[in-house]
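have a look at this prediction, sequence included:
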2 protein chains.
Amino acid sequence: MTSRVLVVDDETQIRRTVGINLRARGFDVDLAETGEEALDLAVRHRPDVVVVDLGLPGIGGVEVIEGIRGWSRVPIIVLSVRDTEADKVAALDAGADDYVTKPFGMDELLARLRAALRRVIPVADEAAIETGDFTIDLAAKRVTRNGEEVRLTPTEWQLVEVLVRNRGKLVPQHQLLQEVWGPEYQDETGNLREYIARLRRKLEPEQSRPRYFTTEAGLGYRFDAAE
Amino acid sequence: MTSRVLVVDDETQIRRTVGINLRARGFDVDLAETGEEALDLAVRHRPDVVVVDLGLPGIGGVEVIEGIRGWSRVPIIVLSVRDTEADKVAALDAGADDYVTKPFGMDELLARLRAALRRVIPVADEAAIETGDFTIDLAAKRVTRNGEEVRLTPTEWQLVEVLVRNRGKLVPQHQLLQEVWGPEYQDETGNLREYIARLRRKLEPEQSRPRYFTTEAGLGYRFDAAE
DNA sequence: GCGCAGTTGACAACCCGTTAACAGGTCGTT
DNA sequence: AACGACCTGTTAACGGGTTGTCAACTGCGC
């Protein structure tokens, strides 16, 4: 869940300062000194956001932006001493997402990093969970069995979600009751039994011997994807 | 294909200047003088990008950002005379995408607008979606059934857009209400039911048994292109 | 006024959550 | 080994909430 940042700057001082600050905030940081290095690292490490200085020797900052934009939409934040409109327009139109003028405050850079990251995070929704008999897609709220869709009611979904999010782990009854029905239903185990039964009717290949939604008597229930 | 920009500023001079310049560039422009007006226009007109001044009388700029972020991811660019890091961090963390300090150059603002718009466009330019019975072209805002065009009202379109953009995924009622009618309609499910019915009347081959716009009772609705 | 779009209220049909009752199984005790 | 307490799985039925639909109403532009 940590985000990877690629920082490109030829000034050792800035590279070090930014690197230290970002690492202290929990980011994974790649440092590059030249444009060539930056393009190479961008391809190999797939950063979640790129911070690039415009005034690089050799391959310039704009070329780095264009090089990355050729194959990736990763957010790019430009750092630069140049403060003219023409520079900003050129960098932004080359594909940069933001432009910060040096000298800059670390807090501002961090806030702009967060803003850039915020835009890409929601795209990351996890894949569906597959078992030998059915598939559960939590994001789409969809369960498929033998190619056919299985309908789950809202309560059934909540129960499945809690169990699947804790897959492999035993979930105590009181936790299931709490998370699905709320704090005041802590002892209403009848309801829980009923809904576990419904899930098994809809999903288990052999209802009499559950393989995926198993009972740990006296403790709780467990979902296992693998057989 | 023209983009709609909502400009919020209490200074008449700036509103006018920005408005004229944007219109000259082919944007559709809404102008708002206060935060209240801005929130209202944001809901009713659904801008593709918002430019907001921080120093508004009454509801402040940050509240406008938060108000919009409650239900929309539309890019927000802040304009402000305040140049301190704390202001920038506050605005960006409230959900703004960019922060430009006054006085600003029109070319820079335009470049930042283009950068903001560039990020949202890729969602829109997909090919048309085909089902066995009709075709939906989101970019052209056109639905065809048996070779004939089907006319949809503006509200019907918004509903179709949300469902089709999330095709295959279940969309909860409150999300549909929020994205189509705005944040204050969260419980007005009657309206939603009515419009789903209208879509089915216009598009479903068998109204009594919907194949494409399906209901998940208690959860929401889903659009599926394949059978 | 007329047509169109959007909104609202009412109601029957249906779906879902809840509850009760009971059968089967396990486990500890005697 | 017999018994009972306890937990679990299952069935059935009830009541309330949700949905689909019809109809009427409002507001707006021509």
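Right, received. Where do you want to start?

now the end-to-end length of stretch A:22-35.
Here the two ends of stretch A:22-35 are set 21 Å apart, with distance taken as CA to CA, to the nearest Å.

for it, which residues meet the burial criterion?
By neighbour count on 16 or more other CB atoms under 10 Å in any protein chain shown, the buried set for stretch A:22-35 is A:Leu22, A:Phe27, A:Val29, A:Asp30, A:Leu31, A:Ala32, A:Glu33, A:Thr34, A:Gly35. C-betas here are computed from N, CA, C, even on glycine.

touching chain B at all, the host helix or strand of A:Ala91?
Assigned by DSSP states H and E, A:Ala91 falls within helix A:85-94. Yes. Shown here: helix A:85-94 in contact with chain B (CB under 8 Å from any CB of the partner chain) through A:Glu85, A:Ala86, A:Lys88, A:Val89, A:Leu92, A:Asp93.

now neighbour count too, for those, in a markdown table please.
Formatted as a markdown table, these follow (neighbours: other CB atoms under 10 Å in any protein chain shown):
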| residue | neighbour count |
| --- | --- |
| A:Glu85 | 15 |
| A:Ala86 | 12 |
| A:Lys88 | 24 |
| A:Val89 | 20 |
| A:Leu92 | 26 |
| A:Asp93 | 15 |
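
mind checking how far the most far-flung residue of chain A relative to its centre is from A:Arg200?
Of all residues in chain A, A:Ser208 has its C-alpha farthest from the mean position, at 38.2 Å, by CA atoms, centre = their mean. Plainly put, A:Ser208 is 9 Å away from A:Arg200 if you go by CB to CB, to the nearest Å.

A:Gly67 too?
In terms of CB to CB, A:Gly67 sits 54 Å off from A:Arg200.

mind listing the strands for chain A?
Along chain A, counting by DSSP state E, strands occupy A:4-8, A:28-32, A:49-53, A:76-80, A:98-101, A:129-130, A:134-137, A:142-145, A:148-150, A:170-172, A:213-216, A:220-223.

ends of stretch A:72-90, what's the gap?
19 Å.

that stretch: which residues count as buried?
Neighbour-count burial for stretch A:72-90, counted by 16+ other CB under 10 Å, picks out A:Val74, A:Pro75, A:Ile76, A:Ile77, A:Val78, A:Leu79, A:Ser80, A:Arg82, A:Asp87, A:Lys88, A:Val89, A:Ala90.

equivalent analysis for stretch A:105-123, please.
Neighbour-count burial for stretch A:105-123 flags A:Glu108, A:Leu109, A:Leu110, A:Ala111, A:Arg112, A:Leu113, A:Ala115, A:Ala116, A:Arg118, A:Arg119 (criterion: 16+ other CB under 10 Å).

of those, list those near chain B.
Under the cut-off given by CB under 8 Å from any CB, chain B has A:Glu108, A:Leu110, A:Ala111, A:Arg112, A:Ala115, A:Arg118, A:Arg119 from these close to it.

would you list these in a markdown table and tack on pLDDT and distance to DNA strand C?
Below are those laid out as a markdown table (pLDDT from 0 to 100; distance: CB to the nearest atom of the strand, whole Å):
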| residue | pLDDT | distance to DNA strand C |
| --- | --- | --- |
| A:Glu108 | 96 | 41 |
| A:Leu110 | 95 | 41 |
| A:Ala111 | 96 | 37 |
| A:Arg112 | 96 | 37 |
| A:Ala115 | 95 | 33 |
| A:Arg118 | 89 | 30 |
| A:Arg119 | 85 | 30 |
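
wait, which of the residues you listed is closest to A:Glu156?
Nearest to A:Glu156 out of these is A:Arg118 (CB to CB; 32.7 Å).

please report how far that closest one lies from B:Val164.
Shown here: A:Arg118 relative to B:Val164, a distance of 25 Å by CB to CB.

try A:Thr12
For A:Thr12, the distance to B:Val164 (CB to CB) stands at 51 Å.

looking at the two, which has the bigger crowd around it?
A direct count of neighbours by other CB atoms under 10 Å in any protein chain shown for A:Thr12 and B:Val164 places B:Val164 higher, at 16 against 10.

quick one: contacts for the more buried one?
Neighbouring residues of B:Val164 by CB atoms under 8 Å, 6 or more residues apart in numbering or on different chains: B:Ile129, B:Ile136, B:Leu138, B:Phe223.

do A:Asn166 as well
A:Asn166 touches A:Phe223, counting by CB under 8 Å, 6+ apart.

how about the one 5 residues further on?
With contacts defined as CB under 8 Å, 6+ apart, the neighbours of A:Val171 are A:Val162, A:Leu163, A:Gly220, A:Tyr221, A:Arg222.

look up the closest residue to the second one, ignoring the ones flanking it.
The shortest distance from A:Leu163 to any residue other than its chain neighbours is 3.9 Å, reached at A:Phe223 (CB to CB, 6 or more residues apart in numbering or on different chains).

so that neighbour bridges to which residues?
Beta-bridge partners recorded for A:Phe223 (DSSP bridges): A:Phe213.

where's it relative to chain B, distance?
20 Å (CB to the nearest CB, to the nearest Å).

check A:Arg151 too.
Using CB to the nearest CB, A:Arg151 is found at 7 Å from chain B.

ok, back up a step: adding neighbour count and pLDDT, write the contacts of B:Val164 out as TSV.
Converted to TSV, the contacts of B:Val164 look like this (neighbours: other CB atoms under 10 Å in any protein chain shown; pLDDT from 0 to 100):
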residue	neighbour count	pLDDT
B:Ile129	17	86
B:Ile136	26	91
B:Leu138	19	85
B:Phe223	23	95
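
residues contacting the residue in chain A that DNA strand D sits nearest to?
Chain A approaches DNA strand D most closely through A:Thr215 (3.5 Å), counting by CB to the nearest atom of the strand. A:Thr215 is in contact with A:Ile196, A:Tyr221, counting by CB under 8 Å, 6+ apart.

for B:Glu37, see how far away it is.
Applying CB to CB, the value for A:Thr215 to B:Glu37 is 59 Å.

and what of A:Phe27?
A:Phe27 is 39 Å from B:Glu37, by CB to CB.

now A:Ala115
A:Ala115 is 25 Å from B:Glu37, where distance means CB to CB.

equivalent analysis for A:Arg145, please.
Applying CB to CB to A:Arg145 and B:Glu37 gives a distance of 52 Å.

repeat that for A:Pro183.
The gap separating A:Pro183 from B:Glu37 is 43 Å, by CB to CB.

returning to that earlier point: who touches the helix holding A:Ala91?
Contacts with helix A:85-94, where a contact means CB under 8 Å, 6+ apart, come from A:54, A:61-62, A:65-66, A:69, A:78, A:80, A:99, B:105, B:107-108, B:110-112, B:114-115.
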